[in-house]
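Chemist: dropping the sequence and predicted coords here.
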Amino acid sequence: MVEHNLAKVGVASSNLVFRSKKLLNLRSFFYFRIFLYLQTMKTFKPLTGFKPILSTYKFLSLLLIPSFIIIITTSSSFIVAGLFLFFTYAIVSVILLIAQRTTSYQIGNSKIYYKCLYFTKGSLEIASIYKIKLNSSNWSSGMPATTNKGGMSIFYKKYDEIYLSPENNEEFVEEILKIKSDIEIISH
């Protein structure tokens, strides 16, 4: 009887009803915090389609045509050389398609969050950005971008640079400028 009365006021710890109410309140609080966190993030998609990656295929062709000629001249069959070219382009196409599907950029909590493929993730403090170069190109880096042309180079800290390729450069920059307005914008 005493245990029953104590359970009503929430003192008895052996009561399962009391423990489940407490657990439910903590779980609700946790989900609410995640919901608020996701509401403050603005997500941007990358440039997609064939046109943004056309320059990558041009560069790849410059590398593969001499390889094709070497394979043919070393008494290999034309079929082997053709299969080599086909599979190389097919593998590159699949990788670029996966990169386009998995790349995303988010702005929130005074940071830019980027993700490309499944292993390239990171964040960048917007307060450390001092210059953004729009419509730039970047051929020599493994930055989280799905194209080498038409993106933007973001210069931050003292000597660091990152190349991103959101679908809409202007909208992306507007969101950044809402957080830090004294960034130098260079339209190329």
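Modeler: Cool, the structure landed.
Chemist: list the buried residues in the helix or strand hosting Phe87.
Modeler: Element membership for Phe87, per DSSP states H and E: helix 78-102. Judged by neighbour count (16 or more other C-beta atoms under 10 Å), helix 78-102 contains these buried residues: Ala81, Leu85, Leu96, Ala99, Gln100, Thr102. Where you see a C-beta, it was placed from the backbone N, CA and C, and this is true even at glycine.
Chemist: in this structure, which spans are strands?
Modeler: Taking DSSP state E to define them, one finds strands in the chain at 42-44, 104-108, 111-116, 120-125, 129-137, 149-156, 160-164, 184-187.
Chemist: run through this protein and note the low-pLDDT ranges.
Modeler: 1-40, 52, 75, 138-149 (pLDDT under 70).
Chemist: domain parsing for it?
Modeler: Per automatic domain parsing, the domain ranges recorded for the chain read 2-39, 43-188.
Chemist: so who does the closest residue to Lys111 other than its chain neighbours touch?
Modeler: The shortest distance from Lys111 to any non-neighbouring residue, by C-beta to C-beta, 6 or more residues apart in numbering, is to Ser123 (4.7 Å). Applying C-beta atoms under 8 Å, 6 or more residues apart in numbering to Ser123 gives the contacts Lys111, Ile112, Tyr113, Tyr114.
Chemist: same check on Lys121?
Modeler: Tyr113, Tyr114, Lys115.
Chemist: on that earlier part again, show me what the residue nearest to Lys111 is bridged to.
Modeler: Tyr113 (DSSP bridges).
Chemist: could you export the strands of the chain as a markdown table, including distance to Leu54?
Modeler: As requested, the strands of the chain are exported to a markdown table (distance: least, C-beta to C-beta, whole Å):
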| stretch | distance to Leu54 |
| --- | --- |
| strand 42-44 | 22 |
| strand 104-108 | 22 |
| strand 111-116 | 19 |
| strand 120-125 | 22 |
| strand 129-137 | 13 |
| strand 149-156 | 9 |
| strand 160-164 | 17 |
| strand 184-187 | 22 |
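Chemist: now Ile98. Nearest residue, chain neighbours left out?
Modeler: Leu117 (6.5 Å).
Chemist: residues contacting the one you found?
Modeler: Residues near Leu117 by C-beta under 8 Å, 6+ apart: Ile98, Ala99, Thr102, Thr103.
Chemist: please report how far the second one lies from Ile179.
Modeler: By that I understand Ala99. 27 Å (C-beta to C-beta, to the nearest Å).
Chemist: buried stuff in stretch 102-110?
Modeler: Neighbour-count burial for stretch 102-110 flags Thr102, Thr103, Tyr105, Gln106, Ile107, Gly108 (criterion: 16+ other C-beta under 10 Å).
Chemist: and the fourth one, what are its bridge partners?
Modeler: Put plainly, it is Gln106. Thr43, Tyr113.
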